[in-house]
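Novice: sharing a model that was predicted from the sequence below.
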Amino acid sequence: MGNFPPAASRAGAEPIGEIDVLWLTAGLGCDGDTIAATAATQPSIEDIVLGTFPWIPKVNFHNPFLAYENGDEFVRYFREAAEGRLSPFILVVEGSIPNEQNKAEGYWASFGTDQKTGQPITTCEWIDRLAPRAWAVVAAGTCATYGGIHAMEGNPTDCMGLADYLGWEWKSHAGIPIVCVPGCPVQPDNFMEVLLYLLNMEAGRAPMIPLDEALRPTWLFGATVHEGCDRGGYYEQAQFAEEYGTPTCIVKLGCWGPVVQCNVGKRGWMGGIGGCPNVGGICIGCTMPGFPDKFMPFMNQPPGSLLSSSAVMTYGRAIHALRRFTQASLNKEPSWRSQRGKLGSSEIEASKRERGS
């Protein structure tokens with residue numbers, strides 16, 4: 001890997017030897033992204049925390065589900081970071097961001113309490129305090145990236161993704177845009193690979209992280225589910241499933257794989273195994289900014305696939321028939337090779353006669 005100027009160096013600071021990861025799970029969510037990350041193997045959380053990889057900074061990992069500390073003992077890391085006493089750090093946000101200004105009283109989401117007033121500190125306050133001081137900010141899972149399920153039309157919280165809250169052009173003091181790693185929940189290895197990339201980036205061993213227009217890492221979300229799907233070959237042969245439990249293409253059952261940018265078909269879920277279409281589940285578009293509203297109702301065939309699947313029917317079946325014809329031919333030995341079998345047969349017969357005599 002080549003040498004690149006560390007992001008912190010570009011901001012006028014020294015390269016980082018130690019960094020904290022502050023994982024804020026206080027958005028509107030189910031902690032599913034935290035649970036998913038525990039299944040990562042390429043790399044695992046343990047690999048990062050225990051220093052398996054050379055050159056990257058030492059990592060102190062703070063997630064409420066995985067921490068020994070609890071209560072104020074755990075919250076103190078976030079307080080110190082907000083006050084500038086813990087630096088540098090990567091802020092990871094999980095869960096969608098509610099609008100705390102759309103009501104007369106109360107709050108939607110909070111984390112810890114104010115030591116002076118005893119009142120809850122809202123999630124929005126934490127983001128306002130921590131994001132400006134963070135070396136990088138990562139949105140983990142679809143709720144944090146684009147709002148997710150909670151941001152459906154008509155939701156009372158007016159919640160949103162982190163890019164809508166901070167602004168799509170927002171950058172950290174190190175010049176790093178918000179890094180969005182969507183998924184409901186996030187694919188385990190995708191998230192941990194992004195974290196490792198950022199650590200290598202700070203160590204001067206990777207260039208600025210490449211992101212698409214939706215702030216997703218391009219190497220993870222550049223291809224569609226269909227392009228990496230085990231069932232993709234059935235699509236072009238017009239072999240469509242009419243019910244669950246068959247190995248053929250499931251686009252007519254409601255799969256959005258041909259247009260959704262996600263690598264789960266190739267990467268699988270845990271240790272390369274699983275992934276929605278690989279285990280027979282339709283893709284409902286959870287890595288896309290338009291999820292879920294633009295993909296509903298989930299079980300209906302996507303409108304665009306009505307035309308494309310009809311078009312492929314006109315030639316797919318003919319192609320399938322031609323391939324089967326060719327396959328049948330290739331499953332037979334060449335004519336000259338089958339003649340050689342007679343030599344062995346004659347020798348066997350001669351041997352039998354000798355034994356009989």
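Specialist: Yep, that arrived.
Novice: now do the helices in the stretch 151-300 of the chain.
Specialist: 162-166, 188-202, 218-221, 232-236, 264-267 (DSSP state H, counting those that start in this stretch).
Novice: got a markdown table for those helices, with mean pLDDT too?
Specialist: Converted to a markdown table, the helices of the stretch 151-300 of the chain look like this (pLDDT from 0 to 100):
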| stretch | mean pLDDT |
| --- | --- |
| helix 162-166 | 98 |
| helix 188-202 | 97 |
| helix 218-221 | 98 |
| helix 232-236 | 87 |
| helix 264-267 | 94 |
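Novice: now do stretch 61-76: distance from first to last residue.
Specialist: End-to-end distance of stretch 61-76 (Cα to Cα, to the nearest Å): 14 Å.
Novice: avg pLDDT for that stretch?
Specialist: Stretch 61-76 shows a mean pLDDT of 95.
Novice: show me how this protein divides into domains.
Specialist: As given by automatic domain parsing, the domain ranges for the chain are 7-219, 223-316.
Novice: L330 is nearest to which of those?
Specialist: For L330, the closest of those is domain 223-316, at 16.9 Å, according to Cβ to Cβ. Just so you know, the C-beta spots here come from the backbone N, C-alpha and C atoms, and that holds for glycine as well.
Novice: about what we covered before: ok, of the domains of the chain, where does mean pLDDT dip lowest?
Specialist: domain 223-316 (a mean of 90).
Novice: which strand or helix spans I319?
Specialist: Using DSSP states H and E, I319 sits in helix 303-330.
Novice: what helices or strands is that helix leaning on?
Specialist: helix 232-236 (3 or more Cβ pairs under 8 Å, 6 or more residues apart in numbering; DSSP states H and E).
Novice: buried stuff in the helix it packs on?
Specialist: Neighbour-count burial for helix 232-236, counted by 16 or more other Cβ atoms under 10 Å, picks out 232, 234-235.
Novice: can you report how many residues neighbour L50?
Specialist: For L50, the count of nearby residues is 10 (other Cβ atoms under 10 Å).
Novice: gap between it and P43?
Specialist: Distance, L50 to P43, by Cβ to Cβ, to the nearest Å: 10 Å.
Novice: quick one, strands of the chain?
Specialist: For the chain, the strands defined by DSSP state E occupy 18-24, 58-62, 89-94, 110-113, 120-122, 136-140, 179-181.
Novice: mean neighbour count, the ones you listed: which tops it?
Specialist: strand 136-140 (a mean of 28; mean count of other Cβ atoms under 10 Å).
Novice: angle of that one against strand 89-94?
Specialist: With axes from the mean of the first three to the mean of the last three Cα atoms, to 10 degrees applied, the angle from strand 136-140 to strand 89-94 works out at 20 degrees.
Novice: pull the distance from strand 136-140 to the chain's centre.
Specialist: Centroid displacement of strand 136-140 relative to its chain, using Cα atoms, centre = their mean, to the nearest Å, is 13 Å.
Novice: list the strands paired with that strand, with their directions.
Specialist: Its sheet considered, strand 136-140 pairs with strand 89-94 (parallel), strand 179-181 (parallel) by DSSP bridges.
Novice: adding distance to N200 as columns, could you present those strands in TSV?
Specialist: Shown next, in TSV, are those (distance: least, Cβ to Cβ, whole Å):
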stretch	distance to N200
strand 89-94	13
strand 179-181	14
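Novice: other residues contacting stretch 142-152?
Specialist: Contacts to stretch 142-152, defined as Cβ atoms under 8 Å, 6 or more residues apart in numbering, come from residues 27-29, 33, 93-97, 139, 141, 157, 159-164, 180-184, 186, 214-216, 286-289, 291-293.
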